[in-house]
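S.K.: structure for the following, please:
(chains A, B, C and D, ligands or ions: 4)
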Amino acid sequence: MVQATAAPSVSAEASDTKARFLAGYRWMQLARVSEEKIASLYRGGKITGGVFLSKGQEALSAATGMALRKGDVFAPLIRDQAGRLAFGETLLDGVRTYMGSRLGPMRGRDGNVHRGRPLEGLLPMISHLGAMLPVVAGILLGRRFRGIEGTVGATSLGDGATSTGAFHEGLNLAAVEKLPLVLVVANNQYAYSTPTSRQFVCQDLADKAVGYGVAAHNVDGTDLGACLEVLYRAVEAARTGGGPQLVVASLLRLVGHGEHDDASYVDPKLRDTPLGRDCLLVAEQRILAEGWANSATLRAWQEDAQRQIEEAVTTTMREPLPDPNTEDWCALASRHLSEGSLPA
Amino acid sequence: MVQATAAPSVSAEASDTKARFLAGYRWMQLARVSEEKIASLYRGGKITGGVFLSKGQEALSAATGMALRKGDVFAPLIRDQAGRLAFGETLLDGVRTYMGSRLGPMRGRDGNVHRGRPLEGLLPMISHLGAMLPVVAGILLGRRFRGIEGTVGATSLGDGATSTGAFHEGLNLAAVEKLPLVLVVANNQYAYSTPTSRQFVCQDLADKAVGYGVAAHNVDGTDLGACLEVLYRAVEAARTGGGPQLVVASLLRLVGHGEHDDASYVDPKLRDTPLGRDCLLVAEQRILAEGWANSATLRAWQEDAQRQIEEAVTTTMREPLPDPNTEDWCALASRHLSEGSLPA
Amino acid sequence: MITYLEAIREAQAKALADDPRVYIYGQDVGNFGGAFKATKGLAKEYPGRVLDAPISEDAIIGSAIGAAIEGMRPIIEMQFADFSTVGFNQIVNQAATLHWRTNVPCPITIRLPSGGTAGGGPFHSQSMEALYAHYPGLIVMTPATVEDAYSMLLEAVAIDDPVIFCEHKYLYYHLKAEALPTEAVPTGKARIARAGRDATIVTYSAMVHESLACAEELATEGWEIEVIDLRSIKPLDTDTVLASVARTGRLLAVGEAWPWGGVTAEILARVATEGFDLLDAAPMRLNAKDTPVPYHPNLWGTHRPTAKTIAAALRQLLSA
Amino acid sequence: MITYLEAIREAQAKALADDPRVYIYGQDVGNFGGAFKATKGLAKEYPGRVLDAPISEDAIIGSAIGAAIEGMRPIIEMQFADFSTVGFNQIVNQAATLHWRTNVPCPITIRLPSGGTAGGGPFHSQSMEALYAHYPGLIVMTPATVEDAYSMLLEAVAIDDPVIFCEHKYLYYHLKAEALPTEAVPTGKARIARAGRDATIVTYSAMVHESLACAEELATEGWEIEVIDLRSIKPLDTDTVLASVARTGRLLAVGEAWPWGGVTAEILARVATEGFDLLDAAPMRLNAKDTPVPYHPNLWGTHRPTAKTIAAALRQLLSA
Ligand SMILES: Cc1ncc(C[n+]2csc(CCOP(=O)(O)OP(=O)(O)O)c2C)c(N)n1
Ligand SMILES: Cc1ncc(C[n+]2csc(CCOP(=O)(O)OP(=O)(O)O)c2C)c(N)n1
Ligand SMILES: [Mg+2]
Ligand SMILES: [Mg+2]
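M.R.: Ligands and ions are numbered 1, 2, ... in the order given. Here you go, the predicted model:
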């Protein structure tokens, strides 16, 4: 994958707080700008099916993607545009999947957030919440069998997904095998329209960690600096034999569940709490306050992001859509075993 | 159901520790004696399929059944002979189910521990571990809808079953609805041959409670007095609005997983720890020490138990077995909708 | 005009109004009114009887079974049929076996928003009726009209057995009717959606409409195609199917689900065994392709049968 | 003499010995050797490659998919086929769709101890092959002989797709062979278990033996019954079936699973569509009754087809 260029020199200076923060900001900005473009394409009828955005969750996602390195595994969920980019997914992969380009990684067979490149460590989620967790655990188990050490697997889930049996079985299995797995739970206070009060009654989702015998970390998901610190720490702990790490971030989704949804069910009072802060603005204010960059620079970055997404869209627009006639209607890898005889 | 008579006057004096302890002892004794009979029938080829015994777990089970009252709900598992009896299941129901009597509650359609009378609050387990938990929750939810108050639902699970998604989803749902549910986990250190070290890594299964926002209770499962105290407390807490209660008992299964199994995988060192004590002997010693009864009385009770199970077996032996020709091969309650046309 | 989706909403409103034992449970069905708005306003109209569930399909179904034992009549909404795979065990092993094992009925209705739509993709498009029909102890309904969506859902709630109610998402908005029905065809009876004498198409759910469109097209060529809407696939009304084949001598079974062991296989097996001599030509079947349901409309439109591909199959059948 | 069960154990031993990518994961498969002893001694012989799993079927299958992505070849043992319902979602939605969605193969083998035994009851007796065959992306094997149990399991591990390996518990001890095979029929090819010219029985797994017993009995009356062992039900070797029906003109499909949409339905549908003119009489099918599998031997023996009931069906077919 040709990596989107938001921060050419991150890894080099990954140690440096300022550089890391700025890099994170730029991934967030690229995510925000690119998702706004996706939304406009959707409103313009250029995208069929669902569009799921991450506005308000970019800091947490970016930090997750950045804390991982090449060779690690990442199973993002529906609010991980920033983390995908930081982990190395190209803007083209995203746009192509949304628009169904035959040249995209999913070739029109699957769409929107259901994209990835398993062999490059980026897993394409299936819809069933929690289902990617044991798969990440299995990759890490496989690496142990193969003697590959020092890599980490991370996956994202929402507060609602913690109610799934898959979450429970997957985290427990990872704990029993003491796998280097980081589970990032974005508690955005709602599962679609359902408030956490109808989802669980523990004080804090991090309270679940002790029952699995895994480490827990809490973080303010609206604060990029905090997210970077906690995610780097959690990933490092997993990498160095600390076993599974449960990271629970508090934040609010600042858009609808999908672009079809106006999120009118969100309690207005919540929006006025610190949870309702826009992590991108918060990061911007910090940058200006610290004097790490001036607003002219921020604008330049913004325009650069704009340019990149426009370029990806223009490219994709020129690409062929899937063609049912040339499409290979075979679900099996072992072609010789596929039932040509099935009357479709 | 005609209740087995181990303790005619329990409920009357339920408050009295001595009476309660003696009643518990007698349910344990009746369970032990009846299961030994079942085992001998199995060895004699009189029972087809599995036979699952509870030796070593009678104290916990008896306490669970006793702590519940008429109108409550109980979903026992495979090691609950004592609790079933204390809750009101007759010895005949058990023997008939094991031997497939057409007059039994399952009519030969299901067998061994898969028996119950749902309308009397005793649920017949399906094999899939954890699956009864949400059903008990549903009954309690149904009662809330119907305005029935003050009843409790209890169900048993093993240490291994805590790894199922059903356990997680069911307990969480019960917590969200704040249902009067008591979940009794018998941690007998093994799931079939699998030690808890391959099943979970939390220090104590009770540590899981906080993650669900439910109350937790620990108890020494080899000590009848402790089991009675804790189970009565947990059931009372659930009955009075305390929400779900998680009871975790430590003990050891003193027989094979089933009668086909010699349990040679059990660490001999474990058998020598307090966990390995036979709860029936421990209770017996306490009775004699307290002078609540003398050994002659204990022997008399033992003989009474013997008589009861022999009687149940003799009765069952005379009963008709299921007859495929008169059997009603219809899975539906709505007979008019069943597919007679299906070529079976 | 009332849509197929509104009919489902109205049926639930009536069930709640008529029977205090009824309640609705599922993700976002409460104040939000459900992902498709099938329970819109019901939480407000029937306080405490339309509850949001956690993302726990196994527990959702399991709890409904318990409530049914207690005498309630739960209506469960799966957000998409595809997610019922995680509630699968409770459906096929607990709900479906309860009555047979204990004589206690299990009157639960499980609504499965089913079938494909453009852009739905592999996990929001599945037609799972055959899976549930394979297991003993379940009724499987597949309404194809606004009227049936309404009356069959009411029937489902009244039936003493677990009912898998496969409502088709594609029909939610596309299908409209003048008014709700006042009476209904009994459950288990198929409906002759269009009479004809040259060939019989046996189908159900959304494919009824593709088949009718195809029949209309072939009518312009002088062919009279009979279209049978099964309404429920378990029980499956073999008699009506056989009677039609007796008239036409030619059978094409059409389904949106996957081919292997689907509804079309069951129909052909029944007609082959019970109506062999009625057939003037080899029966045919048409299904979705044997791959996951593709996301992009270009692929999806070819993955499932359409009036066009049904017509092609029919022409072959008629010339046989 | 080696039993069907030992053959499964030997195949796994060979797979572990020949391919470092192979590991075995399942409840009690380690030192204990599995509930049926199908992995007896393997944990000791192959340290660290035969692991006990928690009671978490969803996570067990999910982890196998991940390991397969990483290049491993997991063999998963479900303690009983019946419990695969709780791992169902990972099998049909994750494992079965991976290659189609991403081009990355998913070479996992899922062993399902299947089918009925006396006293097994509703939840330790199920035959789930049709469920898995219905979903695109899976291979479903149903070995009926000691030789196939061995060679097909080795094949399953070698295949780049998820394989549902339905091994029949009733055959575990009942079936014995002189020795393990040195070569094997390729996957997807059926086997003519007994040649005949008067009628064709198409079946698989344990029912092959009931069918052979029935054929033996009818032979004493002068009938020559051909018995076809499908070996794998997906892919299903339609050609061999059609060739046989071309010879005999009469078809009886026999399966131990439930009738609706089972293997017998698929077979009849295929023969009706592709071999209609080969049939001299209406084809027939025989299945288990449409109820859960009963516990007591008296009921179980009647619930499933047996040589006796197969013979009754055949006599009807032969007189048609
Ligand atoms: C097993 C399962 N059940 C239901 C759904 C439908 N669904 C998709 S997203 C969603 C809400 C998820 O909420 P949460 O986990 O909090 O993530 P968020 O959308 O808030 O980021 C639901 C119920 C699903 N995808 N999987
Ligand atoms: C979902 C599921 N998977 C596997 C099994 C097979 N099985 C039956 S009992 C058992 C062990 C149960 O161990 P535990 O829960 O500790 O109960 P115990 O037998 O120790 O009382 C297993 C794995 C099952 N019944 N259900
Ligand atoms: Mg959320
Ligand atoms: Mg145990």
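
S.K.: buried ones in the helix or strand hosting A:A23?
M.R.: With secondary structure defined by DSSP states H and E, A:A23 is part of helix A:17-43. For helix A:17-43, the buried set under the neighbour-count rule, 16 or more other C-beta atoms under 10 Å in any protein chain shown, comprises A:19-35, A:37-39, A:41-42. Any C-beta I mention is one placed from the backbone N, CA and C, and that applies to glycine too.

S.K.: stretch C:126-133 too?
M.R.: With burial defined by 16+ other C-beta under 10 Å, the residues of stretch C:126-133 counted as buried are C:126-133.

S.K.: circling back to that earlier point, from the contact counts, what lies against the helix holding A:A23?
M.R.: Helices and strands in packing contact with helix A:17-43 are listed as helix A:10-13, helix A:58-67, helix A:81-87, helix A:91-99, helix A:224-239, helix A:279-290, helix A:295-317; criterion 3 or more C-beta pairs under 8 Å, 6 or more residues apart in numbering or on different chains; DSSP states H and E.

S.K.: D:G120: which of those helices is closest?
M.R.: Checking the helices and strands packed on helix A:17-43 against D:G120 by C-beta to C-beta gives helix A:224-239 as the closest, at 43.5 Å.

S.K.: what are the buried residues along that closest one?
M.R.: If you call a residue buried by 16+ other C-beta under 10 Å, then helix A:224-239 has these buried ones: A:224-235, A:237-239.

S.K.: out of those residues, flag the one nearest to D:K234.
M.R.: Distance ranking of those against D:K234, using C-beta to C-beta, places A:A238 first at 39.9 Å.

S.K.: the closest one contacts A:Y232, correct?
M.R.: No - under the contact definition of C-beta atoms under 8 Å, A:A238 does not touch A:Y232, with a separation of 11.0 Å.

S.K.: just to revisit the earlier point, make TSV out of the helices and strands packed on helix A:17-43 and add distance to chain B and mean pLDDT.
M.R.: Formatted as TSV, the entries for those read as follows, by distance: least, C-beta to the nearest C-beta, whole Å; pLDDT from 0 to 100:
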stretch	distance to chain B	mean pLDDT
helix A:10-13	33	47
helix A:58-67	21	98
helix A:81-87	25	98
helix A:91-99	30	98
helix A:224-239	15	98
helix A:279-290	27	98
helix A:295-317	39	98
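
S.K.: any idea which of those helices is most buried?
M.R.: Of all the helices and strands packed on helix A:17-43, helix A:58-67 carries the top mean neighbour count, a mean of 32, counting by mean count of other C-beta atoms under 10 Å in any protein chain shown.

S.K.: which residues touch whichever helix or strand comes after that one?
M.R.: On the C-terminal side of helix A:58-67, the nearest following helix or strand under DSSP H and E is strand A:73-75. Among residues not part of strand A:73-75, those counted as contacts by C-beta atoms under 8 Å, 6 or more residues apart in numbering or on different chains are A:64-65, A:68, A:83-84, A:87, A:116, A:121-123, A:125, A:132-133, A:135-136, A:139-140, A:151-156.

S.K.: can you tell me which of these are buried?
M.R.: Burial by neighbour count, 16+ other C-beta under 10 Å: within these this picks out A:64-65, A:68, A:83-84, A:87, A:116, A:121-123, A:125, A:132-133, A:135-136, A:139-140, A:151-156.

S.K.: tell me the phi and psi of residue 217?
M.R.: I'll assume chain A. phi -140, psi 130 (degrees, to the nearest 10).

S.K.: chain C was what I was after
M.R.: Backbone torsions for C:E217, taken as degrees, to the nearest 10, come to phi -60, psi -50.

S.K.: tally up the residues packed near the residue nearest to it when sequence neighbours are not counted, please.
M.R.: On the basis of C-beta to C-beta, 6 or more residues apart in numbering or on different chains, the spatially nearest residue to C:E217 that is not a chain neighbour turns out to be C:A311, at 5.7 Å. A total of 21 residues lie near C:A311 under the criterion other C-beta atoms under 10 Å in any protein chain shown.

S.K.: what's the neighbour count on C:P47?
M.R.: Using other C-beta under 10 Å, C:P47 has 8 neighbouring residues.

S.K.: just say helix, strand or coil for it.
M.R.: Following DSSP: H, G, I helix; E, B strand; the rest coil, we place C:P47 in the coil state.

S.K.: residues from the stretch 151-300 of chain A in reach of chain D?
M.R.: Proximity of the stretch 151-300 of chain A to chain D, by C-beta under 8 Å from any C-beta of the partner chain, involves residues A:165-166, A:169-170, A:172-173, A:176.

S.K.: the most centrally placed residue in chain A and A:L53, how far apart?
M.R.: Closest residue to the average C-alpha location of chain A: A:D80 at 2.2 Å, with C-alpha atoms, centre = their mean. In this structure, A:D80 lies at 11 Å from A:L53, with C-beta to C-beta, to the nearest Å as the measure.

S.K.: fine, thanks again, bye for now.
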